[in-house]
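>>> could you work out the structure for the sequence below:
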Amino acid sequence: MKILIIFIYFLSTVYSYAIEKPNIDNIVFLEKPKIYKDVIFKDIYENNLNISDYEGKLLILNFWATWCAPCKEEMPSLDILQKNGSLQNLKIFPINVGQENLKKSKEFFKNLNITNLEIYFDPNINLVKKFALRGIPTSIIINKEGKEFARVIGSIDFNDEKFIKWLKFYN
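Numbers count the residues shown, from 1 in each chain. Predicted structure coming up:
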């Protein structure tokens with residue numbers, strides 16, 4: 001009986017440690033994950049993409065613009081996060097909401113040496129409204145079931161060890 005109690009205690013402490021939230025001030029955790037219908041945006045070829053096509057993947061929708069200084073600050077760490085070998089199930093969608101053209105967006109990526117991310121657009125700012133964004137950068141984190149469970153408001157270092165450790169649990 002004592003062994004069973006010790007085993008249960010061990011399991012519960014390991015589980016609670018594994019999902020411990022990172023102590024990063026500008027991450028908001030949703031008590032009840034939220035699902036959105038028709039989260040559609042465009043790739044550089046004007047093709048529509050829908051996050052429902054990526055169910056089973058951990059997604060980060062990062063909303064940015066070329067004129068946004070904090071976006072410029074965080075984009076290199078987001079680029080490195082995309083190629084993190086321990087997060088193979090992660091797909092990052094940097095979505096430009098600044099209504100800039102492709103040329104300006106490509107220059108932005110080139111100047112920051114962004115090589116692991118593709119450019120996406122929300123040309124009519126529908127997603128800004130759908131996610132009730134209050135500013136950029138904002139990153140919406142969506143679990144494998146297609147539900148938003150957290151968001152980052154403002155810029156962060158996406159290569160922060162605490163953040164990556166937490167994200168691995170959902171990968």
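>>> my read is Lys106 is in a strand, agree?
No: membership of Lys106 in a strand is not supported by DSSP: H, G, I helix; E, B strand; the rest coil, which gives helix.
>>> nearest spatial neighbour of it, skipping sequence neighbours?
Ile119 (6.8 Å; C-beta to C-beta, 6 or more residues apart in numbering). Quick note: C-beta positions are derived from backbone N, CA and C, even for glycine.
>>> quick check: that neighbour vs Ile164, distance?
To Ile164, Ile119 is 24 Å away according to C-beta to C-beta, to the nearest Å.
>>> the more surrounded of those two?
Neighbour totals were compared for Ile119 and Ile164, and Ile119 leads with 19 against 16 (other C-beta atoms under 10 Å).
>>> quick one, what contacts that one?
Counting by C-beta atoms under 8 Å, 6 or more residues apart in numbering, Ile119 makes contact with Asp43, Ile44, Pro94, Asn96, Leu102, Ser105, Lys106, Phe109.
>>> for Leu133, give me the pLDDT.
For Leu133, the model assigns a pLDDT of 96.
>>> what's the burial count for it?
18.
>>> give me the phi and psi for it.
Main-chain torsions, Leu133, degrees, to the nearest 10: phi -70, psi 140.
>>> quick check, it in contact with Leu61.
No: taking contacts as C-beta atoms under 8 Å, Leu133 lies outside contact range of Leu61: 10.2 Å.
>>> what comes up buried for whichever strand in the chain runs longest?
Using DSSP state E, we find that the single longest strand of the chain is strand 27-35. The neighbour-count check on strand 27-35 (16 or more other C-beta atoms under 10 Å) flags Ile27 as buried.
>>> and the helix or strand following it, how far from the chain's centre?
For strand 27-35, the succeeding helix or strand toward the C-terminus, using DSSP states H and E, is strand 40-42. Distance, stretch centre to chain centre, for strand 40-42: 16 Å (C-alpha atoms, centre = their mean, to the nearest Å).
>>> list the buried residues in strand 40-42.
Buried, per 16+ other C-beta under 10 Å, within strand 40-42: Phe41, Lys42.
>>> same check on stretch 161-171?
The neighbour-count check on stretch 161-171 (16+ other C-beta under 10 Å) flags Phe163, Ile164, Trp166, Leu167, Tyr170 as buried.
>>> from the residues you listed, which land in helices?
Judged by DSSP state H, the subset of these located in helices is Phe163, Ile164, Trp166, Leu167, Tyr170.
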